[in-house]
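Visitor: Okay, here's the prediction I keep looking at, along with the sequence it came from:
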Amino acid sequence: MGNLFKISVRNLFRYKRRTFLTTSLIAFGVIFVLGYTSISGSFKNMMIGQVTDSMIGHLQVHRKGYVASIENLPLNMNLNPQAARKVESLLKLQPEVEDYSPRIKFGGMFSTFVETTNIRLNGVYPEKEFKTIPLLSSRITDGRKTLHRGEILIPELLARGMKAKIGDMIVIVATNQDGSVNGKQFEIAGILESATGPGGRDGYIHIEDAMEVLRMEEMEISEVAIRIKDFGQVETFTRKLDGLLSGEVNRQGERSLEVHSWQQLSPFYNIARMIDMMTIFIQLMLIAVVLISIMNVMIMAVYERIREIGTIAAIGTLPMKILSMFLMEGLCLGVIGTVIGNVIGMVIIFILNVSGWVTFDFGRQKGLVLSPTVDPVNMLVVSAIVIFVSVFASLQPALKASRMDPIQALRHV
Amino acid sequence: MKLIQVKNVSKEYRTGEITVKALRGVSFEIERASFVSFVGPSGSGKTTILNLVGCLDKPTEGELKVSGTDVAGLSRKESAAFRGKHIGFIFQDFNLMPVLTVYENIEYPLLMVQSLPSTERKDRVEKLLEEVGMADQKNKYPDQISGGQKQRVAVARALVTNPELVLADEPTANLDSETAYAVINLMKKMKDGLGTTFVFSTHDQKIVGEAEIVYFLADGKLVDEKVKGGKNGQPV
């Protein structure tokens, strides 16, 4: 094997320019794929983080049918107190759960005594909400990063439109599920930066204030947002929780609760899938580049060395060894190109990280700085693909060389 | 037992609808440790005989045995293995591997064909380097040595596996007279020292005189044979 390697490397260095061009092409492809996957991957992860950590949580539990009509915030689809307690007690027992936050979601009128407009509100336990969606506090651009009873956090667009500022007193008026209208005065405690996605322009009040506005005698929860310790286990835990809650049935014997992961709740999931599709497409392009360039080089190598092949075949080199010799050349080209590509790719990604040059806007969020990271698994997969394709591309020329008739080869001019 | 036994061997090549008869019922036998030459004009069948004896090609008709083995019946892989074990080749254009040094070129058959251990390889290669007078050039690449030196390396490469038979197709065609004689003398010296049979083809009448047995070919037939001193040859 070592001798095959030695001969292959020497043959590659025999045609320095061609080897340089081919390995450069492979390295360029690897750099491009690494760069693309790390930037798009970090964009995807950042946006998933934004979506889950500032609004949705990792998964949510609702009464069956609530999500289908979530835009209307139907109060008659809330979890009754008994079901809410069952869900909470179940969540407390799950080791995967970091925290959870019950919410009462409703729509109402927001009045500054001068102007009135619509608002969507979340009634929450502030401590639990801040733990479940940790980026919420960073979205408070103005005011205190806390929420007490009698206080409200309002979205930035609303504050600007209604000329409302920190410390102003406003009134929230809402209709409960029985049609009764009630109002309550709140002090503006903070302004929330808007976030793209469902719930990105909602306001927040204390859950007990929400009960008061809606005249609830017992707490009826719209949803329970859940944060788990390992984000990678979202789908597994969603299935597990769904199984655990499958026993909860209504009077008609149908399931009364349903579990949704962030993928089912956020439209960004489709963008994330599209990014994954584009990554696969880019990897296919890399495969094509490697396949064509290596095959071209190896066909040339076989053609130029026909007499040499005839000589080594004549002196008794077995066809399998001749095949291995050319496959080894393809392998070496692939490995050299991959190693160079990975090293340069990592340096570029490191520079991008240090410099903070890659920024983007997402919805109303401006100047988000991307921190591209190299996923070692992805790097290994890309490297393995390139090396496999390099050997595969060498197979046809190598087979041709190994099957060559020594007499014809020795006669070749 | 004779090293080479050729009986009524014919070889035809087909190119489209045209059939070329390269050999027509040739028969001869060659003893071990002989120094034999095939002489004849272009197209007379010299190279075809060497190809058949060297297991690079198969006869259309007739019997062909090398070292007691019916080589006509060998598969492609068996032929390669037989060549690697029993036969050495010297080519008109030397055919050294340009990416290997003189030492590595000689070592190649031991390494890639016979897979011998490194100490044995080293012993054999260094001994042959001394014998062909290339020990001081062993680290040079083929493009750094002369034609005569290249052919000496080719002779060493052909002999390194201790073959019973070395076939050389016009080994002196690309050499000047002086170098050609030197190479032929080297081959004779190796034949005497190692007991290897050398069979070569040539056009060069001066070189022909060095052979112990000379077979004359014309139009694919053996037309004459001469035995120098009548000792080693056994003309049919």
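Guide: It's in. If you're wondering where the values come from, they're calculated on a predicted model, not measured in any experiment.

Visitor: When you work out contacts or count neighbours from here on, use the C-alpha atoms and nothing else.
Guide: Noted.

Visitor: Give the full set of residues in contact with residue A:74.
Guide: A:66, A:106 (C-alpha atoms under 8 Å, 6 or more residues apart in numbering or on different chains).

Visitor: isn't residue B:27 right next to residue B:4, touching?
Guide: No - the criterion here is C-alpha atoms under 8 Å, and residue B:27 misses it with residue B:4 at 10.3 Å.

Visitor: Give me the pLDDT value at the residue in the stretch 301-413 of chain A that chain B sits nearest to.
Guide: Residue nearest to chain B within the stretch 301-413 of chain A (C-alpha to the nearest C-alpha): residue A:316, separated by 4.0 Å. Looking at residue A:316, its pLDDT reads 91.

Visitor: give me the number of residues near residue 164?
Guide: Picked chain A for this. 18 (other C-alpha atoms under 10 Å in any protein chain shown).

Visitor: my bad, the chain I had in mind was chain B
Guide: Based on other C-alpha under 10 Å, the number of other residues close to residue B:164 is 21.

Visitor: That one contacts residue B:87, correct?
Guide: Yes - under the criterion of C-alpha under 8 Å, residue B:164 makes contact with residue B:87 at 6.3 Å.

Visitor: thinking again about what came up before, ok, how many other residues are close to the residue of the stretch 301-413 of chain A closest to chain B?
Guide: Counted by other C-alpha under 10 Å, the residues lying close to residue A:316 total 26.

Visitor: ok, back up a step: and for residue B:27 and residue B:4, which residues touch both?
Guide: Common neighbours of residue B:27 and residue B:4 are not found (criterion: C-alpha under 8 Å, 6+ apart).

Visitor: Would you mind measuring from the spatially most central residue of chain B to residue A:260?
Guide: Centroid-nearest residue in chain B: residue B:167, 0.9 Å away (criterion: C-alpha atoms, centre = their mean). Distance from residue B:167 to residue A:260, counting by C-alpha to C-alpha, to the nearest Å: 80 Å.

Visitor: Show me what the helix or strand containing residue A:182 pairs with in its sheet, parallel or antiparallel.
Guide: Residue A:182 belongs to strand A:181-192 when elements are defined using DSSP states H and E. Counting by DSSP bridges, the strands paired with strand A:181-192 are strand A:140-143 (antiparallel), strand A:151-155 (parallel), strand A:169-175 (antiparallel).

Visitor: Could you give the bridge partners of the residue nearest to the centre of chain B?
Guide: Beta-bridge partners, per DSSP bridges, of residue B:167: residue B:89, residue B:199.

Visitor: Check the contact between it and residue B:48; I expect there is one.
Guide: No - look at residue B:167 against residue B:48 with C-alpha under 8 Å: they stay out of range, at 11.9 Å.

Visitor: Check the strands paired with strand A:181-192 for me and report the most buried one.
Guide: Mean neighbour count (mean count of other C-alpha atoms under 10 Å in any protein chain shown) peaks for strand A:151-155 among these, with a mean of 26.

Visitor: Average pLDDT for that strand, rounded please.
Guide: The average pLDDT within strand A:151-155 is 94.

Visitor: Touching that strand from outside, list them.
Guide: Outside strand A:151-155, the residues touching it (C-alpha under 8 Å, 6+ apart) are A:147, A:186-194, A:201-206.

Visitor: ok, now with 6 Å
Guide: Around strand A:151-155, the neighbours that count as contacts under C-alpha atoms under 6 Å, 6 or more residues apart in numbering or on different chains are A:186-192, A:201, A:203-205.

Visitor: Could you do stretch A:323-335 as well?
Guide: By C-alpha under 6 Å, 6+ apart, the surrounding residues in contact with stretch A:323-335 are A:4, A:8, A:387, A:390-391, A:394, A:398-399, A:402.

Visitor: Spell out which two among those are the most distant pair, please.
Guide: Greatest spatial distance among these (C-alpha to C-alpha): A:387 and A:402, at 21.3 Å.

Visitor: Contact residues of chain B facing chain A?
Guide: Contact residues (C-alpha under 6 Å from any C-alpha of the partner chain) of chain B with chain A: B:80-81, B:83-84, B:99, B:113.

Visitor: Quick check: the residue of chain B nearest chain A.
Guide: Taking C-alpha to the nearest C-alpha, chain B has residue B:84 as its residue nearest chain A, at 4.0 Å.

Visitor: Leaving out chain neighbours, which residue sits closest to that residue?
Guide: Nearest non-adjacent residue to residue B:84, counting by C-alpha to C-alpha, 6 or more residues apart in numbering or on different chains: residue A:316, 4.0 Å away.

Visitor: my guess is the one you found contacts residue B:83, does it?
Guide: Yes - taking C-alpha atoms under 6 Å as the definition, residue A:316 is a contact partner of residue B:83 at 5.1 Å.

Visitor: quick one: contacts for the residue in the stretch 1-150 of chain A positioned nearest to chain B?
Guide: Across the stretch 1-150 of chain A, no residue is closer to chain B than residue A:10, which sits at 5.9 Å (C-alpha to the nearest C-alpha). By C-alpha under 6 Å, 6+ apart, residue A:10 lies in contact with residue B:99.
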